[in-house]
Every structure is written in C-alpha cells, then in structure tokens.
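S.K.: sharing a sequence plus its predicted fold:
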Amino acid sequence: MGLFVIPESLPFTIVFAISSGIFLTLATGATHFPSHIDRMVDKELEAKETLHAEQASAGNEDDKQPTKVSKKMWRVAYGVNLALNATGGTLNLVGTWFGPVSLFAPIKQVSQIISGMILFSYILRTEPKPDKDVRIVFLVFLILAFLSFISNEFT
C-alpha cells in the first residue's frame, strides 16, 4: 500500500519527450550563441573596415567599433546551458514514468534533431539548411518509431 503508482498516459509521454528534446537542443544553442555573436561581430568588423576605408577617402569617419562577447556573457551562457540541461534531464526522467521507453526515446531523438535543424539552420543560420531528402528521412524515422511502438503494444 505504500507504493505510489503512476498511471500510464501516452499523451504525457509524448509531450515530455518532445519537450525534453527541445530543452536539450536549446541547451546546446545557449553555449553556441556567444560564439555566433562573435562571428557576427567579426563580419561586422570586416564590413566596417571596408566602409571605413571608403569613408576615410571621403572625409567621414565613424569610430564606433562593435565589441566581442565578454566573459560574463559566456558565464551566463553556461549557466543557461546547465539550467536547460537540468530541465531536459528532469523531463527525461518524468516522461518515462508515464509510458514506455520504446516510445519516449525515438520521439525525443526526433524532437532533438528537428529542433536542432530549426535552431541552427533557420534561426542562428550557422548550418546549411537541410534539403528535402533529409527532412523526409527524419519524418520517416518518427513514423517508424510510432509503428514500432504500436506493433510491440499489440503483439
């Protein structure tokens, strides 16, 4: 009588799997963001040098220089990374309480892959955009995960 029984809930399992994948991807993005800003600053500095050379010949000068990311920003990024990793890990643990790992794990992996493609390809633009074939492969993987779960559940 002293045991606490958690009823199985597939919607909770799926929601926790997707949330876990997204949080773990955001944790990676948090530590990637300062270096992304540094690269943007480098590009801006190169553009300013070119513009500065043109303006110097015309007599106009702008002395504002963009700055690199500080150590404080890196510390904040690592703190955010740890918080998001802890949240993702907690969602991993709690998500497997509500349903089978055979459903949770593939959905979490697909969620991480798709959210990583969105974050790094479309938002931060640090990776090339995936072509149609790559996107279809990940969706097929998700469908196979569901079919695998269904076949295990009813046999």
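M.R.: Noted; the coordinates are in hand. Computed from a prediction, not measured in an experiment: that's the story for all the values here. Numbering: from 1, shown residues only.

S.K.: every contact and neighbour count from this point should use C-alpha atoms.
M.R.: Fine.

S.K.: tell me which helix or strand the most centrally placed residue in the chain sits in.
M.R.: Centre of the chain computed as the mean C-alpha position; nearest residue by Cα atoms, centre = their mean is T25, 2.6 Å away. Using DSSP states H and E, T25 maps to helix 10-58.

S.K.: which element follows that helix toward the C-terminus?
M.R.: helix 71-98.

S.K.: gap between the very next helix or strand once past that following helix and the chain center?
M.R.: Sequence-wise, the next helix or strand downstream of helix 71-98 (DSSP H and E) is helix 101-117. Shown here is helix 101-117, whose average C-alpha point lies 12 Å from the average C-alpha point of the whole chain (Cα atoms, centre = their mean, to the nearest Å).

S.K.: can you give me the neighbour number for F16?
M.R.: Other residues near F16 number 24, with proximity taken as other Cα atoms under 10 Å.

S.K.: before we move on, back to that, OK, contacts around the residue nearest to the centre of the chain?
M.R.: The contact partners of T25, taken as Cα atoms under 8 Å, 6 or more residues apart in numbering, are 112, 115-116.

S.K.: likewise for T13?
M.R.: 95-100, 103-104.

S.K.: low pLDDT regions in the chain?
M.R.: Counting by pLDDT under 70, the chain contains low-confidence residues at 1-3, 51-67, 149, 152-155.

S.K.: let's see that with 50 instead.
M.R.: Along the chain, the model assigns pLDDT under 50 to no residue.

S.K.: let me see the contact set for L26.
M.R.: 81, 84, 119.

S.K.: and of those, the nearest to I18?
M.R.: L84 (14.0 Å; Cα to Cα).

S.K.: against G29, how distant is that closest one?
M.R.: In this view, L84 and G29 are 10 Å apart by Cα to Cα, to the nearest Å.

S.K.: touching both of the two, which residues are there?
M.R.: Overlap of the contact sets of L84 and G29 (by Cα under 8 Å, 6+ apart) is empty.

S.K.: neighbours of V140, how many?
M.R.: So V140, with other Cα under 10 Å, has 13 neighbours.

S.K.: just the angle between the helix or strand hosting it and helix 101-117, please?
M.R.: In this assignment (DSSP H and E), V140 forms part of helix 132-153. Taking axes from the mean of the first three to the mean of the last three Cα atoms, to 10 degrees, one finds helix 132-153 and helix 101-117 inclined to each other by 170 degrees.

S.K.: thank you, goodbye.
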